[in-house]
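show me the folded form of this:
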Amino acid sequence: MIPTLDKQIDYLKNVGHLAEDDIDLAETALMLGSLDRPGVSLQKYHHHLKILKLDLDSVGHNAVTAQERAEALVEVMLENHEYKGNEKFYDDLQNVNLMSVINRRLGLPISLGILYIHAGRSKGWRIEGVNFPAHFLIRVYGENDQAILDPFHGGKILNAHDLRDLIGTISGGENKLEQWHHAPLGNRAILVRFLNNIKIRCLNVSDFDLAMNALRRTSYIDPNNIVHKFELGMLQIHTKSVEEGKQNLLDCLDYMDDNLDADDDKMRGQILNTLKEMRAYNKPNVFELIKGDIDNKGD
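Numbering: from 1, shown residues only. Take a look at the predicted model:
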């Protein structure tokens, strides 16, 4: 199957209206990747996802505890299929295109994590993303226990001491483990974080077109969070797509007017100031306004 651009966009917009548990992480990540590889069939990638399921069916058929399931995942993903974290070229955008990740067996924590989650869920196991800052982790459940894994580092099982060490590495010193660090991360939030890895890396090298593409895609799959449209509008104005940017910012104001629970005084003020600056021919400092959690190696 070679999806057309219209079908790709329609698929992502449909994801935006799905219930959390109905979102297919791997399929959506493949569709996001296919937008950057037009004309390439998804058939072999769908076949590979089925192979991961079959392999885990074989290896993990007797796995009951979280550790046994984690070990089965590692055997399939690392030992059989040789998926590894790309430490040498960590910021290569191919690490966040799931098609390229499957081709090269290299990725970021979050792209590898999506494949681990796909494999585990295809076996009927409960497995989820973990809201760990700057380094995506996953949690697999056994019948009566659970374990946190690091897909980037070979599916290593992490205990509380490991998590504190990882926090210390990421924060540059403080290794206090907060409750939210190991809270579950929903499917939509995983996809938003996946796209943030593209957005921020593109902004870091001033590739504004790719950053805007990432924001458009994020707004498709997470339409009820107007932050994405706000950031897109600000970036469009910064890059002289003034009318598109202005319309997106006005849409944000309309959304906040219609949805009082979404009203954000700070965002409203930034939008009004930006529109005022536009009339004075001054561009806002967009880099102070666009944010997002991205993965790092955690070494």
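
which residues in the stretch 51-200 of the chain form strands?
Here the stretch 51-200 of the chain has its strands, by DSSP state E, counting those that start in this stretch, at 84-85, 106-107, 127-130, 137-141, 146-150, 156-158, 184-185.

how about those, which one is nearest residue 43?
Among the strands of the stretch 51-200 of the chain, the nearest to residue 43 by CB to CB is strand 106-107 (20.7 Å). Placement of C-beta: from N, CA and C, glycine included.

show me what that closest one pairs with in its sheet, parallel or antiparallel.
Looking at strand 106-107 with DSSP bridges, its partner strands are strand 84-85 (parallel).

who's in contact with the strand it pairs with?
With CB atoms under 8 Å, 6 or more residues apart in numbering as the test, strand 84-85 has contacts from 78, 105, 106, 107, 108, 109, 112, 151, 152, 153, 154, 297.

okay if I get the strands of the stretch 51-200 of the chain as a markdown table plus mean pLDDT?
Shown next, in a markdown table, are these (pLDDT from 0 to 100):
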| stretch | mean pLDDT |
| --- | --- |
| strand 84-85 | 97 |
| strand 106-107 | 98 |
| strand 127-130 | 98 |
| strand 137-141 | 98 |
| strand 146-150 | 98 |
| strand 156-158 | 97 |
| strand 184-185 | 96 |
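
re earlier: so which of the contacts of strand 84-85 sit within helices?
The helices, defined by DSSP state H, take in 109, 112 from the contacts of strand 84-85.

pull out the buried residues from the contacts of strand 84-85.
Buried subset of the contacts of strand 84-85 (neighbour count, 16 or more other CB atoms under 10 Å): 78, 106, 107, 108, 109, 112, 151, 152, 153, 297.

now, which of those residues sits nearest residue 290?
Closest to residue 290 out of these is residue 108 (19.5 Å), distances taken as CB to CB.

got the contact list for the closest one?
Residue 108 neighbours (CB under 8 Å, 6+ apart): 85, 86, 90, 95, 96, 136, 152, 197, 295.

show me which of those residues is closest to residue 36.
Residue 36 lies nearest to residue 96 out of those, by CB to CB, at 9.9 Å.

I'd like the contacts of strand 84-85 laid out as a markdown table, including distance to residue 3.
Listed next are the contacts of strand 84-85 as a markdown table, based on distance: CB to CB, whole Å:
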| residue | distance to residue 3 |
| --- | --- |
| 78 | 30 |
| 105 | 24 |
| 106 | 24 |
| 107 | 22 |
| 108 | 24 |
| 109 | 27 |
| 112 | 24 |
| 151 | 27 |
| 152 | 29 |
| 153 | 33 |
| 154 | 33 |
| 297 | 32 |
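
quick one: which of the contacts of strand 84-85 is nearest residue 248?
Lowest distance from residue 248 to these (CB to CB) belongs to residue 108, with 28.2 Å.

check contacts around the nearest residue to residue 99 once chain neighbours are set aside.
Among residues not flanking residue 99 along the chain, residue 33 sits closest, at 4.2 Å (CB to CB, 6 or more residues apart in numbering). By CB under 8 Å, 6+ apart, the contact list for residue 33 reads 97, 98, 99, 100.

swap the cut-off to 10 Å and go again
By CB atoms under 10 Å, 6 or more residues apart in numbering, the contact set of residue 33 is 40, 42, 45, 94, 96, 97, 98, 99, 100, 101, 102, 111.

buried subset of these?
Buried members of the contacts of residue 33, scored by 16+ other CB under 10 Å, are 42, 45, 94, 96, 97, 98, 99, 100, 101, 102, 111.

what sits up against stretch 255-268?
Outside stretch 255-268, the residues that touch it by CB under 10 Å, 6+ apart are 223-227, 229-230, 249, 252-253, 270-271, 289.

where in this structure is pLDDT low?
Within the chain, the stretches with pLDDT under 70 are 1, 280-289, 293-294, 298-299.

all helices of the stretch 101-250 of the chain, in order?
Assigned helices in the stretch 101-250 of the chain, in chain order: 109-122, 160-171, 187-204, 208-221, 227-238, 242-258 (criterion: DSSP state H, counting those that start in this stretch).
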